[in-house]
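>>> 3D, please:
(4 chains, ligands or ions: 4)
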Amino acid sequence: MTMTSSAVRLTYREAMRAAIRDALQRDDRVFLMGEDVGRYGGCFAVSKGLLDEFGPERIRDTPLSESAFVGAGIGAALAGMRPIVEIMTVNFSLLALDQIMNNAATLQHMSGGQLHVPLVIRMTTGAGRQLAAQHSHSLEGWYAHIPGIKVLVPGTVEDARGMLWPALEDPDPVLIFEHGALYNTDAQLPEAASAPDISCAAVRRFGADVSIITYGGSLPKCLSAADELASSGIDVEVVDLRTLRPLDDDTVLSSVVKTHRAVIVDEGWRTGSISAEISARITEQAFYDLDAPVARVCSAEVPMPYAKHLEEAALPQVARITAAVRQAVDGG
Amino acid sequence: MTMTSSAVRLTYREAMRAAIRDALQRDDRVFLMGEDVGRYGGCFAVSKGLLDEFGPERIRDTPLSESAFVGAGIGAALAGMRPIVEIMTVNFSLLALDQIMNNAATLQHMSGGQLHVPLVIRMTTGAGRQLAAQHSHSLEGWYAHIPGIKVLVPGTVEDARGMLWPALEDPDPVLIFEHGALYNTDAQLPEAASAPDISCAAVRRFGADVSIITYGGSLPKCLSAADELASSGIDVEVVDLRTLRPLDDDTVLSSVVKTHRAVIVDEGWRTGSISAEISARITEQAFYDLDAPVARVCSAEVPMPYAKHLEEAALPQVARITAAVRQAVDGG
Amino acid sequence: MSTAVPTPEQPLDPMGGCRLYREMLRIRRFEERCVELYSAEKIRGFMHLYIGEEAVAAGVMAALAPEDNVVATYREHGHALARGVDAGSIMAEMFGRVEGCSRGRGGSMHVFDVDHRFYGGNAIVGGGIPLAVGLALADHLQGRHAVTAAFFGEGAVAEGEFHECMNLAALWDLPVLFVCENNLYAMGTALARSQVETDLPLRAASYEMPAWSVDGMDAIGVAEGAARAVESIRAGGGPHFLECRTYRFRAHSMYDPELYRDQVEVERWKERDPLLCLAERLRTNSVVSDDDLVRLEAEVADEIDAAIAFAEAGTWEPVEDLDRFVYSESQP
Amino acid sequence: MSTAVPTPEQPLDPMGGCRLYREMLRIRRFEERCVELYSAEKIRGFMHLYIGEEAVAAGVMAALAPEDNVVATYREHGHALARGVDAGSIMAEMFGRVEGCSRGRGGSMHVFDVDHRFYGGNAIVGGGIPLAVGLALADHLQGRHAVTAAFFGEGAVAEGEFHECMNLAALWDLPVLFVCENNLYAMGTALARSQVETDLPLRAASYEMPAWSVDGMDAIGVAEGAARAVESIRAGGGPHFLECRTYRFRAHSMYDPELYRDQVEVERWKERDPLLCLAERLRTNSVVSDDDLVRLEAEVADEIDAAIAFAEAGTWEPVEDLDRFVYSESQP
Ligand SMILES: Cc1ncc(C[n+]2csc(CCOP(=O)(O)OP(=O)(O)O)c2C)c(N)n1
Ligand SMILES: Cc1ncc(C[n+]2csc(CCOP(=O)(O)OP(=O)(O)O)c2C)c(N)n1
Ligand SMILES: [Mg+2]
Ligand SMILES: [Mg+2]
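Residues are numbered from 1 along each chain as shown, chains lettered A, B, ... in the order given. Ligands and ions are numbered 1, 2, ... in the order given. As a prediction, this is how the structure comes out:
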């Protein structure tokens, strides 16, 4: 990240808020709608203060009616608005899944290209805060199964700041998953926001020996693991996917073709996770370049337990990541 | 399939109906509930006649309230019943997904093992009948991501007949996906139903050169492809997964270790499909046995189009399967 | 297309009965031909006929202006025709031709036409209602005085989404006309088996919304009721609910054995055939002569012949274009 | 635990005021300690306090019999305590200990106790209501005369599931007591911002269900209202809806800055503190003396001290057991 003279220090939360404010200022068609985005200030305080600034028409508190207000977002997008719909957390998005899969994702196709759904749906995702089985899902990779939508997973403060605007400019529905454990992380950002290319993965650390492929809330853990491994002489490259649909195969493959070894780190449940897809693609496209089987570090296949020690054991942690990397390197 | 003196010829539809009737007769706690299962006779005529035989308390027509009646099935299971809940098609199951993922799949865990949900949910799945984007989903592999549930995919008449009873005996929630294109297929079955082991995959055809791994509606296509390939001297083994969660790794891996080549055929959208998981597992566990990258034949990543030629192009077909197999054999 | 019968402006026909009759006749004859074309396998997939219910679409559409929005169900040929969507483009759609309004991607259940603000064609029961709320929200936010008409069957009243949308529209005072087509059955489920309160306007009124019933077999009555509601909505009266009591003369779809209702009941309703009744009234009041009716039949037949010829002459979308319309082609 | 104050059987206390007071006091003191323990980081995750609303759980539970079922929300410490779930096992649960009622897997939001037919502890707003319908359905099918009490907040009334369940329970005449805890806010959203009809019994009555309100700050009034409803349900009167008008004195959860309501409003409600008011009444009527109250405080303090000691002495589930309780251990 380049430091400029007019740099500011922001948390991930503040970066999201700045991005929303910015969008509201730039485009009259943009409005924010969701549960407790207004008077409460947002469940995770992301939208705090925006109601005062933009008023209740553009910062719309909704009743607890996930299917209706997500569907209303789709309808409003069809009619020329640029809604940002906030589903408080991914756990509640299941109630709106019919609208997402059967309407947002299909309307363009079913109408033969007549309709477009320029809608952004934001939600908090992930575990790690002892919220137990119904409040700890990591379903962003699961959503990436659905053709017709795009899935963004900002893993840095910069991406939290930058991804919203291109998502709003996109003519198709975009889901943004904000990892709950990242809200308090902070970073120095240049004052002038530059819109990042949301279609590309990013190499967050260059290395020669093995590629860790990850995103979102697991990114900081992977960077720590890479630091740790560096001290044992293992030179790790860390690829941040940034977008889970469409996947940026090129960046992933060029990394793997270089290092010949890949470890995928993903907070989703292992079976049927996005890490399986990435593994399959690497095998399909770079089989003969691999010096070791592609490895995966995922969440244990359990509804998330409340107890801290069990939750920690269920989630990808630095120790499990380093172990998997060592195995990939030694076993290769 | 062994023919006995008292064999009967049944369609897949009749086999399902016989299985439901059998369960209702064997166990008072069993009842069937869903939209139009009674007076209409079932959207696909599976439950035709059962209302007259068992009455409206045990063959319960429900209003169009997927979330409520699936949740009611969960509650009834908690209290000692053995409900069979029919969701007319997988496409409507999205409306009940919160109940499935946040309740059925988690209650045992969240309660520390106090609760069990001996519930069976049946639904029709799959494309191929020109029903377009909102009525053609193949989400069984996607459901297999969820810990706490089991996912059965009967691909033969025998399994349609046999899987329901063990599913009802299972103390945990079991989802059964019936492929719409199979209802009219028929086969000779022994009169006395034997309960199959629902935890194992089955080798439907033995072969030495390459393993096709598939399930459900794609099974007949794969068997045709295998026949066709046999005439060009390629000896194909066809593995029918039968259960998508938990996956029977042993059967898959022993086949692949033997043939050194694997092609997975799955009607789900390619990205994030169960075929990705199987590919990843094969790579993880049998990397050094592989003579070629694991290949996948899946559905195109489009909401299903109505027009016949487009739908056919979107789905796995015999020609695409044989091409993928040849590629795996030649490219190896 | 010019008409030989009096126009609404003519003093002899102050209620616009002729125009309503004409629209109903177009629907009736169009669908009668659809049945033949379905048997001839020109049309495939699910097809739901509106025959018997024509007065509802004809009446409501007569009350709407071009800037208003329409959201319909899978039983929407009638709504599309009455709204002005070209018969040829609907027929071509059902033939799966690229000249179809949805390029053959949607089929019978997914007629779309943005030029007529006709937003489908939604095959998930209740699934279109949130879209209607969103379209109305966009109109509200953009200061347009348009009305959005949402059509749905009485079966949809059981869906949670219906409730969420009624509340949301009323809470936010949005210009939505909820049109409930109560044809007494949802597939095979009679209203009294799906709703504890069968007086639907009473249910609707519990959302603080003006709600009343009209005779859905009387096009003039529907048109009057709808006009009253639309006028009130446009004047800022917030959402309204209109129950149209009607009946489908045909099976639910092409696959329905109609086990759940008595043929006597069907015959009784057929005595109230909306076309016969209106024709009789127009004749009695000397608004039209027998000759006029014969001429009208001929005109409509010509229109439908032309539509079928257009569909027949249509072409197939190239298979290489399968992936189109999943994501927008013009990306920012 | 024996009590020094009069029991319900005693003529001086015909309304059981003492027992109700005792239950409320247990809840109040238990939760006050929870706050300290949360600050001390003994309890983590989301914790929702019931302080101010104690009269509702105390009153309703007093009307239920042991064979009845209870389904509660994430704000359920009070319900669990009043239902008879052991305070130590609840506290141990919140500490994440294996001795907790849910073995530490559930935490504050997921208290379960099958012995008391206490079916959670559901953290999805509205998500427990279908379970209640199912429990009642099982009772109906098995010929038991039990009642199922479903607790939910007024915010849940906006969820589609609420509507589906009200209709289903009424349609099928199931023995459900719907207990709406109207504390005026859903997080930061006031009832009038989430419901167009704020008279909730009126809404409920639209499902043809007896429905009325009680003063949720008056435990005796709640107990009477609930007893009347339970009696009617048990006598075959079908589902009932009871609105309890109450108020939470604390923040929504431990993270809520309470921007959305005025401290004056909170103070006004605190004047109606259910404990203070009932104590006053009991004293005025000479049912209890000041000494009795002091003794009661001491007894309750002992119970809670013991509960905390029990939780403190609890152990951690071995990490190797992480995977347990996802699937049942005794498979058929
Ligand atoms: C959510 C959902 N559940 C089930 C179906 C299957 N289905 C299609 S139409 C229908 C009946 C709908 O009845 P109603 O709303 O009264 O409309 P009608 O068909 O009578 O016009 C059903 C159950 C569906 N399409 N969507
Ligand atoms: C489906 C769903 N949406 C959102 C949330 C987040 N949430 C938790 S409690 C709550 C407010 C619920 O209010 P109410 O039903 O009135 O109950 P109260 O908390 O006031 O007791 C919200 C929005 C959730 N848990 N579930
Ligand atoms: Mg109907
Ligand atoms: Mg509340």
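>>> can you show me the strands along the chain?
I went with chain A, as the question did not name one. Secondary structure of chain A by DSSP state E: the strands cover A:7-11, A:30-34, A:59-61, A:82-89, A:120-125, A:150-152, A:174-179, A:186-190, A:202-205, A:210-214, A:236-240, A:243-245, A:262-269, A:295-299.
>>> I was thinking of chain C, sorry if that wasn't clear
For chain C, applying DSSP E gives strands covering C:69-71, C:148-153, C:176-182, C:185-186, C:189-190, C:211-215, C:240-245.
>>> now these in a markdown table, with distance to ligand 1?
C-beta here means a position set from N, CA and C on the backbone, and glycine is covered the same way. What follows is the strands of chain C, written out as a markdown table (distance: least, CB to the nearest ligand atom, whole Å):
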| stretch | distance to ligand 1 |
| --- | --- |
| strand C:69-71 | 14 |
| strand C:148-153 | 2 |
| strand C:176-182 | 6 |
| strand C:185-186 | 3 |
| strand C:189-190 | 7 |
| strand C:211-215 | 15 |
| strand C:240-245 | 11 |
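>>> and those strands: which comes nearest C:E329?
C:E329 lies closest to strand C:69-71 among the strands of chain C, at 24.6 Å (CB to CB).
>>> how far away from the center of its chain is that closest one?
10 Å (CA atoms, centre = their mean, to the nearest Å).
>>> who does it touch, helix- and strand-wise?
With contacts defined as 3 or more CB pairs under 8 Å, 6 or more residues apart in numbering or on different chains; DSSP states H and E, strand C:69-71 has these neighbours: helix C:129-141, strand C:148-153.
>>> OK, contacts around residue 153?
You didn't say which chain, so I picked chain A. With contacts defined as CB atoms under 8 Å, 6 or more residues apart in numbering or on different chains, A:V153 is in contact with A:140, A:176-177, A:179, A:215-216, A:241-244.
>>> ah, no, chain C please
Contacts of C:G153 by CB under 8 Å, 6+ apart are C:73, C:75, C:125, C:180-183, C:186.
>>> same question, C:F325
Per CB under 8 Å, 6+ apart, neighbours of C:F325: A:108-109, A:111-113, C:103, C:105.
>>> at 7 Å instead, please
A:108-109, A:112-113, C:105 (CB atoms under 7 Å, 6 or more residues apart in numbering or on different chains).
>>> tally of neighbours for the nearest residue to C:T315 once chain neighbours are set aside?
Nearest residue to C:T315 in three dimensions, chain neighbours excluded: C:V98, at 5.5 Å (CB to CB, 6 or more residues apart in numbering or on different chains). Other residues within reach of C:V98, judged by other CB atoms under 10 Å in any protein chain shown, total 19.
>>> any figure for the gap between C:W316 and C:G96?
7 Å (CB to CB, to the nearest Å).
>>> the two: who's more crowded?
Under the criterion of other CB under 10 Å, the comparison of C:W316 against C:G96 puts C:G96 first, with 30 against 15.
>>> pLDDT wise, what is the closest residue to ligand 4 within the stretch 101-250 of chain C at?
Here the stretch 101-250 of chain C gets closest to ligand 4 at one residue, C:N167, 15.9 Å apart by CB to the ion. You'll see C:N167 listed with a pLDDT of 98.
>>> surely it and A:T62 touch.
No. C:N167 is beyond contact range of A:T62, at 10.3 Å (criterion: CB atoms under 7 Å).
>>> does C:R83 touch C:V60 like I think?
No. Using CB under 7 Å, C:R83 is not in contact with C:V60, being 9.3 Å away.
>>> those two: who's more crowded?
Relative neighbour count places C:V60 above the other of C:R83 and C:V60, with 30 against 23, counting by other CB under 10 Å.
>>> all helices for chain C, in order.
C:17-39, C:54-63, C:77-83, C:87-95, C:129-141, C:160-171, C:191-194, C:200-205, C:219-232, C:263-270, C:274-284, C:290-312 (DSSP state H).
>>> same thing with the stretch 201-332 of chain A?
Listed in chain order, the helices of the stretch 201-332 of chain A (DSSP state H, counting those that start in this stretch) span A:219-230, A:249-259, A:274-286, A:308-314, A:318-330.
>>> strand A:295-299 and the first one, what's the angle between them?
So that's helix A:219-230. Here helix A:219-230 runs at an angle of 140 degrees relative to strand A:295-299 (axes from the mean of the first three to the mean of the last three CA atoms, to 10 degrees).
>>> can you pull out the residues in contact with helix A:219-230?
Helix A:219-230 is contacted from outside by A:155, A:204-205, A:207, A:212, A:214, A:236, A:238, A:240, A:265, A:316-318, A:321-322, A:325, using CB under 7 Å, 6+ apart.
>>> now the nearest residue in space to A:R17 that is not next to it in sequence: how far from chain B?
Of all residues not flanking A:R17 in the chain, A:V46 sits nearest, at 5.5 Å (CB to CB, 6+ apart). As judged by CB to the nearest CB, to the nearest Å, A:V46 and chain B stand 23 Å apart.
>>> pLDDT score for A:V46?
The per-residue pLDDT reported for A:V46 equals 98.
>>> tell me how far it lies from ligand 3.
43 Å (CB to the ion, to the nearest Å).
>>> the spatially closest residue to A:R60 that is not a sequence neighbour: neighbour count?
Nearest residue to A:R60 in three dimensions, chain neighbours excluded: A:M33, at 4.1 Å (CB to CB, 6+ apart). By other CB under 10 Å, the residues close to A:M33 number 23.
>>> what sits opposite A:M33 in the beta ladder?
A:M33 has these beta-bridge partners by DSSP bridges: A:R60, A:V85.
>>> run a quick neighbour tally on the closest residue to A:P316 other than its chain neighbours.
Spatial nearest neighbour of A:P316, excluding adjacent residues (CB to CB, 6+ apart): A:V297 at 4.7 Å. By other CB under 10 Å, 26 other residues sit near A:V297.
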